[in-house]
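Colleague: what follows is a predicted structure for the sequence shown.
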Amino acid sequence: MSKIGVGFIGAGGIAQGQHMPSYARLSDRVQLVAVADVNEESARAAAERFHIPHVYTDYREMVQRDDIHVVVVATPNFLHKDATIAALEAGKHVHCEKPLARNAHEAREMVQTARRVGKLLHVSLQWRFSGVAQFLYKYIVQEGNLGEIYYARAHALRRRGIPGWGVFIDKEKQGGGPLIDIGVHILDTTLWLMGYPKPVAAYGATYTKFGNRPDVVGLMGQWDHTKFTVEDFAVGLIRLENGATITLESSFCANIERDEFNTLLLGDKGGVFADPMSERPVRIATEHNRTLYNIEPVNLPNVNSYQANVEAFVDAVLNNKPAPIPGEHGYYLNAIMDAIYESSETGREVRIDVRLD
C-alpha cells in the first residue's frame, strides 16, 4: 500500500495532543480516515481540527471500514482490551496507548488475538524513542560498553503530581496509580536497555498517604480525594530470568526535592545514570587501565519521542516489519505490575509466568 488509513478510538487529550498530530505530520504515508468517541462533541471537534472526514460514536462500526488499516486506541485503560480486540478481529493493525491493559489477564488476551489474526500490536511507550534512550541503546549498550548489566534502579517520581482530570485516581478504570501510569514508562525503557529479559518474580509495596486527604496541594489540578482509590507510591524489586534485578519506585505524590524520571544501569564493564530531566542527562562511570573515568556526552540528539514512535510503527506497517514495541512487552509490564500489587497485599514475593501458550 502507498498510504495507510488510520482510525482513532478516543478523541481526548492524548489523542488530540499527541497521536493525531503525529500521524497527521506523515501525510505522505498516512491518511486520517475516521475518529470514534462516545462523546460525539469531542469526536467532531477532533475531526474538524485534524480534517478527519468520518465521525462515529461506536468504534465497532468504525473498525469495519475497508479504508482503515491501522487503529489507534487512545482511551482510558479499562477500554483498551475490548477496543483493541475488536480492531484486531476486524483485520486492523493496532497502536495502543500505554499501559497495554489494566492487568496481565487482559494484556495476554490482546497479545494472543494479535498473534492469531496475524496483525501488529504496538504499545505506545514512546520514552524508548527519546534522544537519551536511543543514544544509550545504540552507542553504549549495543557497543558493549556496560558489559553484563546485572542491576538497574528505575525512578518515575512526582513530588505533587496527582492528575486532577480523567480517571487516573480510579483503580477500577485505571488498574492502579503511578506504577501503572508513569512507572510503566521508565520500567519499559530500563528493560529495553537490558535486552528485555523475562520477569520471573517480584516483591513490592504500595502506599496511599496523600491522595485520600483534602489538605494536599495539587500541582496538576485538584482531584476529588473522596474518590481516590489507587496508590500514590509504589516500590518493587523485580527478578529477571537472566539473574539480573531491578528496583522500581514510582509516585504521584511524595516528599522529595524534585520530580525524577531516571534509570541507573550497572554492568561489569561500566555503569550509566540516565537522567533526561536534568542538565546532565547521561553520566557514564567506567574503568580503563586501572584508572576510573566519569564521562558525560554533551551533544545528545533532541528527539520528539511521540513522533518517532509513530514513524517507527508506520514504517513497520508499510514494510511488513515487526511491531517496534510489541504487545508481548506490554504484557510483561502488566505481569510485573500485577505481581507488585499482589505482593503489597500478601507481603510475599510473587512468581511471574508470562507464557502465552
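Modeller: Yes, it's here.
Colleague: the helices in the stretch 1-150 of the chain, which residues?
Modeller: Remark: helices assigned in the stretch 1-150 of the chain by DSSP state H, counting those that start in this stretch are 13-14, 20-24, 40-50, 59-62, 80-89, 104-117, 131-135.
Colleague: now the residue nearest the centre of the chain. Nearest residue, chain neighbours left out?
Modeller: Centroid-nearest residue in the chain: Leu125, 3.4 Å away (criterion: Cα atoms, centre = their mean). What sits nearest to Leu125 in space, not counting adjacent residues and going by Cβ to Cβ, 6 or more residues apart in numbering, is Asp188, at 4.4 Å. Every C-beta, even on glycine, is put in place using the N, C-alpha and C of the backbone.
Colleague: average model confidence for the host helix or strand of that neighbour?
Modeller: Of the helices and strands defined by DSSP states H and E, Asp188 is found in helix 184-193. For helix 184-193, the mean per-residue pLDDT is 98.
Colleague: so what secondary structure elements neighbour it?
Modeller: In terms of contacts (3 or more Cβ pairs under 8 Å, 6 or more residues apart in numbering; DSSP states H and E), helix 184-193 is packed against helix 131-135, strand 149-157, strand 245-251, strand 260-267, helix 327-346.
Colleague: how much space separates the residue nearest to the centre of the chain from Phe210?
Modeller: Using Cβ to Cβ, to the nearest Å, Leu125 is found at 27 Å from Phe210.
Colleague: list the contacts of the residue nearest to the centre of the chain.
Modeller: The contact partners of Leu125, taken as Cβ atoms under 8 Å, 6 or more residues apart in numbering, are 98, 184-185, 188-189, 309, 325, 329-330.
Colleague: what's the answer for Thr84, then?
Modeller: Thr84 sits in contact with 73, 94, 96, 110, 113, 121, where contact means Cβ under 8 Å, 6+ apart.
Colleague: thought the first one was touching Gly10?
Modeller: Which is Val73. Yes. If you go by Cβ atoms under 8 Å, Val73 and Gly10 touch, sitting 6.7 Å apart.
Colleague: which residues do these two both contact?
Modeller: Joint contacts of Val73 and Gly10 (Cβ under 8 Å, 6+ apart) are 79, 83, 97.
Colleague: columns neighbour count, pLDDT and distance to Ala47 on top of these, output as CSV?
Modeller: Shown next, in CSV, are these (neighbours: other Cβ atoms under 10 Å; pLDDT from 0 to 100; distance: Cβ to Cβ, whole Å):
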residue, neighbour count, pLDDT, distance to Ala47
Leu79, 18, 98, 20
Ala83, 23, 98, 18
Glu97, 23, 98, 19
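Colleague: which of the residues you listed lies closest to Val282?
Modeller: Glu97 (27.8 Å; Cβ to Cβ).
Colleague: any weak-confidence spans in this protein?
Modeller: 1 (pLDDT under 70).
Colleague: about what we covered before: just flag the most distant two among the contacts of Thr84.
Modeller: Top of the distance list for the contacts of Thr84 (Cβ to Cβ): Val73 and Thr113, 12.9 Å.
Colleague: of the two, which one has the most company?
Modeller: The residue with more neighbours, out of Val73 and Thr113, is Val73; 27 against 20, by other Cβ atoms under 10 Å.
Colleague: tell me the contacts of that one?
Modeller: Val73 is in contact with 9-10, 79-80, 83-84, 87, 94-97, counting by Cβ under 8 Å, 6+ apart.
Colleague: again, only this time at 6 Å
Modeller: 9, 80, 83-84, 96 (Cβ atoms under 6 Å, 6 or more residues apart in numbering).
Colleague: same check on His155?
Modeller: So His155 contacts 249, 260, 262 (Cβ under 6 Å, 6+ apart).
Colleague: Glu345 now?
Modeller: Shown in contact with Glu345 (Cβ under 6 Å, 6+ apart): no residues.
Colleague: and the gap between it and Thr206?
Modeller: Taking Cβ to Cβ, one finds Glu345 at 9 Å from Thr206.
Colleague: repeat that for Val123.
Modeller: 23 Å.
Colleague: equivalent analysis for Lys81, please.
Modeller: 23 Å.
Colleague: do Pro163 as well
Modeller: Using Cβ to Cβ, Pro163 is found at 17 Å from Thr206.
Colleague: repeat that for Asn103.
Modeller: For Asn103 relative to Thr206 (Cβ to Cβ), the value is 15 Å.
Colleague: kindly report the same for Val184.
Modeller: With Cβ to Cβ as the criterion, Val184 and Thr206 are 14 Å apart.
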